[in-house]
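In: here's a sequence, model it:
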Amino acid sequence: MIKRIRYYIFLRDVLVIALTAFGGAQAHFAMIIKIMVKKRGYLTEEELIELNALCQILPGPTSTQTITAIGYRIGGANLAYLTLLVWMLPAVTIMTTAAILVDSYQTKNLSLEFTRFIQPMAVGFVSYGAYIIASKVVTTRTAGGLMALSAIVTYFISKPIALPLVLIFAGTLTAFKYKKQAPEEKQKIKIKWGNFTLWALVLVTAAGVGAVTQDRFVLLFENFYRNGSLIFGGGQVLIPFLHTEFVEFKGFLTSEEFLSGFAMVQAVPGPVFSVSSFVGALSVREMGLGAQILGGFVAACGIFLPGTFLIFFVIRFWDDLKRYRVVRASLEGINAASAGMVAAAAFVLFQPIENNVLNVSVIIGTFLMLTYTKIPPPFIILAGLLAGIFIPHI
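Out: Sure, this is the predicted structure:
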């Protein structure tokens, strides 16, 4: 009974974050720290930082993998899959609905002006996340140098492959310091290949069934599952892939429709990968309303499942792997590089924002509230939305 209550509270926390977490993976990370680490104590800050860095090495949506992995640690696979469902459903529902409305021409003049403070607030959230990570992991000159190098490289090189390569390079560099780690009793690593096999089997089966049947929904699932298996670097990296496949190559959406969906997902809480539901729903619009709803859900399943299977595969033997001194030493570099990536993300998010006193004040105010007050992040976000509604645009 106590376990069930704890699981219920955890899923409720996941829902709160899903409904209030704007700004992409790094801003989500800051909210996870506030709610799941500092408020609930589901895991330590060090464990979260380590888990987040691990997820960045794998393909797929980082914040989704991180939050489902926390669910796995608390309650196993069943709670983890429930966590995935609770996390993705609000954003998927909103973006599927938006696609249906766009198709019926009811949102032509819809203004997103009320969300104008959300992006500078997201920069504040990301800055807070970078501050928290740096304060925990940058304890040596080596870590400080790797954090700076990671920030510079990932800021100037926007290629998706840069992220895992930087993490691997940093981890390899500090792995040579393994002799400074205390020896620990080693256990034979037992790798359970079930989730990796499941990932590969679904990939091959979907491609084969789609090629034979040419069923639109099977092909839709395969398209998104394949993209979800190849994307490193989060939702911003996913966008050009989807544009190339569904706008330029297949012509299921116009460029204007696609960009409308991209704009809307910036104003929607939860994972940026939920834009897949918008694309999926419009890809089957000629088949009717029911097909659009199904298309949005199928696309979401396709994009979210690969990363979930892969993190469940790795996390099962991760604790045993960390017993090796080389692996523990490599975490210094991996975590420092992860901190640099978060810092770079703050600068990237700031670039498209109008550089005025109001926006800079919102960024600084958000950072200070997260750092020095106990105001829950959802209330900070709500205040930003209300300000966008009631404060005239100067």
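In: assign a three-state SS to residue 252, would you?
Out: Per DSSP: H, G, I helix; E, B strand; the rest coil, the local secondary structure of residue 252 is coil.
In: from residue 117, how far out is the closest residue to it other than its chain neighbours?
Out: Leaving aside its sequence neighbours, residue 252 sits nearest to residue 283 (C-beta to C-beta, 6 or more residues apart in numbering; 4.1 Å). Just so you know, the C-beta spots here come from the backbone N, C-alpha and C atoms, and that holds for glycine as well. To residue 117, residue 283 is 33 Å away according to C-beta to C-beta, to the nearest Å.
In: comparing those two, which residue is more hemmed in?
Out: residue 283 (26 against 22; other C-beta atoms under 10 Å).
In: that one and residue 295 touch, don't they?
Out: Yes: contact criterion C-beta atoms under 8 Å: residue 283 and residue 295 qualify, at 5.9 Å.
In: overlap in contacts, these two.
Out: Here residue 283 and residue 295 share the contacting residues residue 220, scored by C-beta atoms under 8 Å, 6 or more residues apart in numbering.
In: domains of this protein?
Out: 1-104+159-318, 361-394 (automatic domain parsing).
In: show me where the stretch 101-250 of the chain has helices.
Out: Listed in chain order, the helices of the stretch 101-250 of the chain (DSSP state H, counting those that start in this stretch) span 118-137, 141-156, 162-175, 194-213, 216-230, 235-242.
In: could you check the angle the fifth one makes with helix 194-213?
Out: Read that as helix 216-230. 140 degrees (axes from the mean of the first three to the mean of the last three C-alpha atoms, to 10 degrees).
In: where does the stretch 51-200 of the chain dip in pLDDT?
Out: 105-115, 158-161, 184-187 (pLDDT under 70).
In: touching, residue 253 and residue 283? I think so.
Out: Yes: taking C-beta under 8 Å as the definition, residue 253 is a contact partner of residue 283 at 7.1 Å.
In: shared neighbours, these two?
Out: With C-beta under 8 Å, 6+ apart as the test, residue 253 and residue 283 both reach residue 246.
In: tell me the spacing between residue 389 and residue 91.
Out: Noted for residue 389: a distance of 21 Å to residue 91, by C-beta to C-beta.
In: what helix or strand is residue 256 on?
Out: Assigned by DSSP states H and E, residue 256 belongs to helix 255-266.
In: and that helix, what does it pack onto?
Out: If you count contacts as 3 or more C-beta pairs under 8 Å, 6 or more residues apart in numbering; DSSP states H and E, helix 255-266 packs onto helix 62-103, helix 235-242, helix 275-283.
In: try 10 Å this time
Out: Here helix 255-266 touches helix 62-103, helix 118-137, helix 235-242, helix 275-283, going by 3 or more C-beta pairs under 10 Å, 6 or more residues apart in numbering; DSSP states H and E.
In: any idea of the mean pLDDT for the shortest one?
Out: Regarding helix 235-242, the rounded mean pLDDT is 65.
In: just give the closest residue to residue 11, not the sequence neighbours.
Out: Ranked by C-beta to C-beta, 6+ apart and with sequence neighbours excluded, the top spatial neighbour of residue 11 is residue 86, at 5.3 Å.
In: ok, back up a step: out of the domains of the chain, deepest packed?
Out: When neighbours are counted by mean count of other C-beta atoms under 10 Å, the highest per-stretch mean among the domains of the chain falls to domain 1-104+159-318, a mean of 19.
In: rewinding a little: to residue 168, which of the helices and strands packed on helix 255-266 lies closest?
Out: helix 62-103 (15.8 Å; C-beta to C-beta).
In: which other helices and strands contact that closest one?
Out: Judged by 3+ C-beta pairs under 10 Å, 6+ apart, helix 62-103 is in contact with helix 2-20, helix 25-32, helix 45-57, helix 235-242, helix 255-266, helix 275-283, helix 289-321.
In: for residue 383, find the nearest of the helices and strands packed on helix 255-266.
Out: With respect to residue 383, and counting by C-beta to C-beta, the nearest of those is helix 118-137 at 9.0 Å.
In: count the neighbours of residue 325 for me.
Out: Residues near residue 325, counting by other C-beta under 10 Å, number 18.
In: how about it, what does it touch?
Out: By C-beta atoms under 10 Å, 6 or more residues apart in numbering, residue 325 lies in contact with 175, 177, 178, 179, 180, 181, 182, 183, 184, 186.
In: tell me, what's the model's pLDDT at the closest residue to the fourth one other than its chain neighbours?
Out: So the one you mean is residue 179. Using C-beta to C-beta, 6+ apart and skipping the chain neighbours, the partner closest in space to residue 179 is residue 325 (7.5 Å). pLDDT for residue 325: 81.
In: from residue 33, how far off is residue 325?
Out: Counting by C-beta to C-beta, the gap from residue 325 to residue 33 is 28 Å.
In: start and end of stretch 20-35, how far apart?
Out: End-to-end span of stretch 20-35 (C-alpha to C-alpha, to the nearest Å): 12 Å.
In: report the mean per-residue pLDDT for that stretch.
Out: Across stretch 20-35, the per-residue pLDDT values average to 78.
In: now it: how far from the chain's centre is it?
Out: 9 Å (C-alpha atoms, centre = their mean, to the nearest Å).
In: re the thing from before, of the domains of the chain, which is nearest residue 144?
Out: Taking C-beta to C-beta, domain 1-104+159-318 is the member of those nearest to residue 144, at 11.9 Å.
In: that older thread, lowest average pLDDT across the helices and strands packed on helix 62-103?
Out: For the helices and strands packed on helix 62-103, mean pLDDT drops lowest on helix 235-242, to a mean of 65.
In: go ahead and confirm the residue nearest to residue 11 touches residue 71.
Out: Yes: contact criterion C-beta atoms under 10 Å: residue 86 and residue 71 qualify, at 9.0 Å.
In: list residues touching both of these two?
Out: With C-beta under 10 Å, 6+ apart, residue 86 and residue 71 have common neighbours 10, 11, 14.
In: quick one on the thing from earlier: quick one: closest of the helices and strands packed on helix 255-266 to residue 373.
Out: helix 118-137 (11.6 Å).
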